[in-house]
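Participant: here is my input; please provide its structure:
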Amino acid sequence: MAYTVEQIAQALGAKALGAFDIVIDRAAEPGDAGPRDIALAMKPAYAEGLAQGAARAAMLWDGADWQALGLEAAILVPRPRYAMAGLTAMLDLGEGWDDGVHPSAVIHPDAVISKDAHIGPLVVIGARAEIGAGTRIGPQVSIGVDAKIGAECLLREGVRIAARVQIGNRVIINPGAVLGGDGFSFVTPEKSAVENVRDSLGDQGDATAQSYARIHSLGSVRIGNDVEIGANTVIDRGTIRDTVINDRSKLDSAVMIGHNTIIGTDTLVCGMAGTAGSAQIGNNVVLGGRVAVADNIFVGDGAIIGGGSGVVSNVPAGRVMMGYPAIKMDAYVEMYKHLRRLGRVVRDVADLKKSVFKDGRSD
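Facilitator: All right, here's what the predicted structure looks like:
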């Protein structure tokens with residue numbers, strides 16, 4: 001769908017300058033932009049690319065000299081990346097799926113499907129499952145018995161929703177995500193070597209090798225409103241109680257959420273991060289890429305965990321952590337600086353030993 005520069009500016013609550021009536025079909029990087037594109041040149045460094053493209057209009061930082069950049073029109077925004085949220089929502093073409101229920105879908109007669117829901121090709125929906133108004137289910141999605149999916153959701157290709165999973169309104173789930181698989185819960189008849197190591201921090205004790213018995217997962221998964229879940233992300237069902245992702249939290253692709261985990265509101269979990277069983281993650285937390293949170297660990301509200309960190313002890317609210325094991329970020333950075341100097345320190349010590357012990361011996 002096409003919009004004029006003026007329409008885009010009004011929708012974003014931004015200032016438009018120049019030729020308001022230029023028609024825009026899509027957004028583009030400055031060097032790739034054509035005459036019907038809006039170039040995203042939201043920093044001076046990006047604006048340098050405008051000369052390589054053919055954009056007539058651009059989204060620029062507040063105060064930019066748009067005429068000096070050779071443009072016919074500009075939209076000036078004080079917080080460019082936030083403005084991108086509104087712009088990309090306007091220009092998103094969607095998945096191109098047809099409306100209605102595809103004839104190849106397999107829907108149990110006891111399922112409850114809203115009249116204006118879309119059900120794509122080769123979808124399977126189990127008994128007593130409920131699909132809310134305006135929800136769009138993409139190709140090859142499976143939805144288990146007694147699952148409940150709210151209104152205006154988007155489940156993309158190949159999503160798997162297991163039995164009894166509950167999903168709120170306006171939830172987006174990207175391709176290949178799996179919600180409601182069994183938790184990784186096993187136990188040995190006698191105390192195991194792993195349990196001894198955990199208690200002693202190193203000693204396996206006299207435990208013998210044993211086979212594992214499976215603890216079944218009787219809980220499920222509950223997803224709040226306005227949650228987004230990335231491609232190939234996995235959320236395991238709880239053992240007794242549910243695994244819970246609360247309102248407006250966002251999970252990146254390839255994230256692993258273990259059984260019984262509770263994630264608060266407005267929390268970000270970045271790519272390849274994971275939580276072990278029964279972790280509790282607060283509100284407005286950020287877990288950077290490849291962060292690992294150990295089982296039964298609490299991460300307080302507003303905490304930020306740097307990428308690649310391993311969280312093995314509770315994190316107070318508001319704390320910024322990094323490293324393995326994760327410690328306060330400023331302490332970690334200081335330690336890293338010392339580590340980089342370690343080779344020089346070793347050489348200095350060797351030189352001191354030589355000056356004290358003329359023959360090079362230290363004994």
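
Participant: OK, contacts around the most centrally placed residue in the chain?
Facilitator: Among the residues of the chain, the one closest to the centroid is residue 252, at 2.2 Å (CA atoms, centre = their mean). Neighbouring residues of residue 252 by CB atoms under 8 Å, 6 or more residues apart in numbering: 230, 233, 268-273, 289. C-beta coordinates here come from the backbone N, C-alpha and C atoms, glycine included.

Participant: top of these by neighbour count?
Facilitator: Of all those, the highest neighbour tally under other CB atoms under 10 Å goes to residue 269, namely 29 neighbours.

Participant: surely that residue touches residue 254?
Facilitator: No. Applying CB atoms under 8 Å as the test, residue 269 and residue 254 come out as separate, 10.5 Å apart.

Participant: so can I have CSV of the contacts of residue 252 showing distance to residue 46?
Facilitator: Converted to CSV, the contacts of residue 252 look like this (distance: CB to CB, whole Å):
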residue, distance to residue 46
230, 26
233, 31
268, 25
269, 29
270, 24
271, 24
272, 28
273, 29
289, 24
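
Participant: helices - which of the residues you listed land there?
Facilitator: Using DSSP state H, the subset of those located in helices is empty.

Participant: so which of the residues you listed belong to strands?
Facilitator: 268-269 (DSSP state E).

Participant: so where is the protein shaky, pLDDT-wise?
Facilitator: 358-363 (pLDDT under 70).

Participant: can you give me the helices in it?
Facilitator: For the chain, the helices defined by DSSP H cover 5-12, 44-47, 80-91, 193-200, 329-340, 342-356.

Participant: just the CA trace of the shortest one, in PDB.
Facilitator: Taking C-alpha atoms only, helix 44-47 is exported to PDB below (Å, rounded to 0.1, in the frame of the first residue of the first chain):
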ATOM      1  CA  PRO A  44      24.600  11.800   9.600                       C
ATOM      2  CA  ALA A  45      26.800   8.700   8.800                       C
ATOM      3  CA  TYR A  46      23.800   7.000   7.000                       C
ATOM      4  CA  ALA A  47      23.000  10.200   5.100                       C
END
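
Participant: tell me the helices and strands packed up against it.
Facilitator: strand 57-61 (3 or more CB pairs under 8 Å, 6 or more residues apart in numbering; DSSP states H and E).

Participant: tell me which residues of stretch 52-61 are tucked away?
Facilitator: Neighbour counts over stretch 52-61 (16 or more other CB atoms under 10 Å) mark 53, 55-61 as buried.

Participant: just the CA atoms of that stretch, as PDB, please.
Facilitator: This file holds the C-alpha atoms of stretch 52-61, laid out as PDB (Å, rounded to 0.1, in the frame of the first residue of the first chain):
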ATOM      1  CA  GLN A  52      24.500   6.600  -4.200                       C
ATOM      2  CA  GLY A  53      20.700   6.200  -4.300                       C
ATOM      3  CA  ALA A  54      17.800   8.000  -6.000                       C
ATOM      4  CA  ALA A  55      15.500   8.800  -3.000                       C
ATOM      5  CA  ARG A  56      13.400  11.900  -3.300                       C
ATOM      6  CA  ALA A  57      12.300  11.700   0.400                       C
ATOM      7  CA  ALA A  58      14.000  10.400   3.600                       C
ATOM      8  CA  MET A  59      13.500  10.000   7.300                       C
ATOM      9  CA  LEU A  60      16.100  12.000   9.000                       C
ATOM     10  CA  TRP A  61      17.300  13.000  12.500                       C
END
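
Participant: distance from the chain centre to that stretch, please.
Facilitator: Remark: stretch 52-61 is offset 30 Å from the chain centroid, using CA atoms, centre = their mean, to the nearest Å.

Participant: now do stretch 193-208
Facilitator: Per CA atoms, centre = their mean, the centroid offset for stretch 193-208 relative to its chain is 35 Å.
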